[in-house]
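Participant: this one's sequence-less:
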């Protein structure tokens, strides 16, 4: 039974340290709330970006095409991450490495052709 209580004692130590960390954060936030200056002004609560006065609402709708464009960028960025180690070890991989990378690049080429044909790459 002693090793069981030692096991629970380890979890108790983690709980005590976690509770102390939580209490420290709460005390720090509370102290900051008490000593900070309070000067409410309506200009503080408007949206602000790059020195330009806000136009429209706080949550304008964006077109989905920008997100798709970003996802395509990530897809082809990850392609470069996979191709670099292959290029470094090309001599040791032999014909098997060449064929598998050719299949990989062909699939990615099909993806870019599909996106191009769908008009996703057209920036409007």
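Facilitator: That came through fine. Quantities reported herein were computed from a predicted structural model and do not represent experimental measurements.

Participant: where along this structure do the helices fall?
Facilitator: Counting by DSSP state H, the chain has helices at residues 2-35, 64-88, 90-118.

Participant: Report the helix or strand with the lowest average pLDDT across this structure.
Facilitator: helix 64-88 (a mean of 84; mean pLDDT, DSSP states H and E).

Participant: Would you mark the buried spots in that helix?
Facilitator: Buried residues in helix 64-88, counting neighbours by 16 or more other Cβ atoms under 10 Å, are found at 69, 72, 79. Just so you know, the C-beta spots here come from the backbone N, C-alpha and C atoms, and that holds for glycine as well.

Participant: so, if you compare these, which one comes nearest to residue 10?
Facilitator: residue 79 (45.5 Å; Cβ to Cβ).

Participant: For that closest one, which non-adjacent residue is spatially closest?
Facilitator: Excluding the flanking residues, the one nearest residue 79 by Cβ to Cβ, 6 or more residues apart in numbering is residue 108, at 5.3 Å.

Participant: about what we covered before: which of the helices of the chain has the lowest mean pLDDT?
Facilitator: Lowest mean pLDDT of the helices of the chain: helix 64-88, a mean of 84.

Participant: Excluding its own residues, what touches that one? List them.
Facilitator: Under the contact criterion Cβ atoms under 8 Å, 6 or more residues apart in numbering, helix 64-88 has outside partners 93, 97, 101, 104-105, 108, 111-112, 115, 120-121, 123-124.

Participant: Pull the distance from it to the chain's centre.
Facilitator: 15 Å (Cα atoms, centre = their mean, to the nearest Å).
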